[in-house]
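Asks: For reference, the sequence and a predicted model appear below.
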Amino acid sequence: MTCKEAREHMLDAIEESAPAGVREHLNGCASCAKQLESMRQTMALLDQWEAPEPSPYFDSRLRARLREAADQPQGWFAWLRKPAIAVALAVLMVVSVTIFRNAPDQSEFAKNTKPIATVTTGTAVSDLQELEHDGEMYANFDMLDDIGPQTQTANP
């Protein structure tokens, strides 16, 4: 028998109702015998210990404190202690998460929708759209200052 198996039957050994294999192991193993003796001493101390008696007015003071606690106004979170409301809130949260997870991706809607108006090239709108996509133009906008004013020659 191993020490682990013998330690599982230590309480039986204290009461002298342990199987024969456990008793043989305890006689041959100094470590397990020491642990058995330590457990016997602990049990002896627990047998001597007496629980203190509560004061004679303990029950009446306890009831008074419970009444005071029940009369105090409860916080705004106290409604969660009611089981029906807590269960309803939990169900609502589960349904909300399920709906959110199963909602179609918004990018799919964008792919399937058709533009409201078509823009032809060469118009002011298409030119503005091209400028929006051209970040380099925005970064080098100072180039226009370097060009300077152009003089127009008048044709007589």
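Replies: Alright, I've got the coordinates.

Asks: mind listing the helices for this structure?
Replies: When secondary structure is read from DSSP state H, the chain shows helices at 3-8, 10-14, 20-28, 30-48, 58-71, 83-102, 106-112, 124-133, 135-139, 143-147.

Asks: quick one: average confidence on the fourth one?
Replies: What it means is helix 30-48. Taken as a whole, helix 30-48 carries a mean pLDDT of 89.

Asks: For Met10, the count of nearby residues, please.
Replies: Met10 is flanked by 17 other residues according to other Cβ atoms under 10 Å. The way it works is simple: take the backbone N, C-alpha and C, and place the C-beta from them, glycine included.

Asks: In this protein, what helix or strand scores lowest on average pLDDT?
Replies: Taking mean pLDDT, DSSP states H and E as the measure, the helices and strands of the chain show their lowest mean at helix 135-139, namely a mean of 59.

Asks: So what does the residue nearest to Val22 when sequence neighbours are not counted have for phi and psi?
Replies: With sequence-adjacent residues excluded and distances taken as Cβ to Cβ, 6 or more residues apart in numbering, Val22 is closest to His9, at 4.5 Å. With angles defined as degrees, to the nearest 10, His9 shows backbone torsions of phi -110, psi 20.

Asks: burial of Pro19, as a residue count?
Replies: A total of 14 residues lie near Pro19 under the criterion other Cβ under 10 Å.

Asks: An error on my part: the question was meant for Leu36.
Replies: Leu36, neighbours per other Cβ under 10 Å, totals 20.

Asks: so where's the chain shaky on pLDDT?
Replies: The model of the chain has pLDDT under 70 over residues 76-81, 104-122, 131, 133-156.
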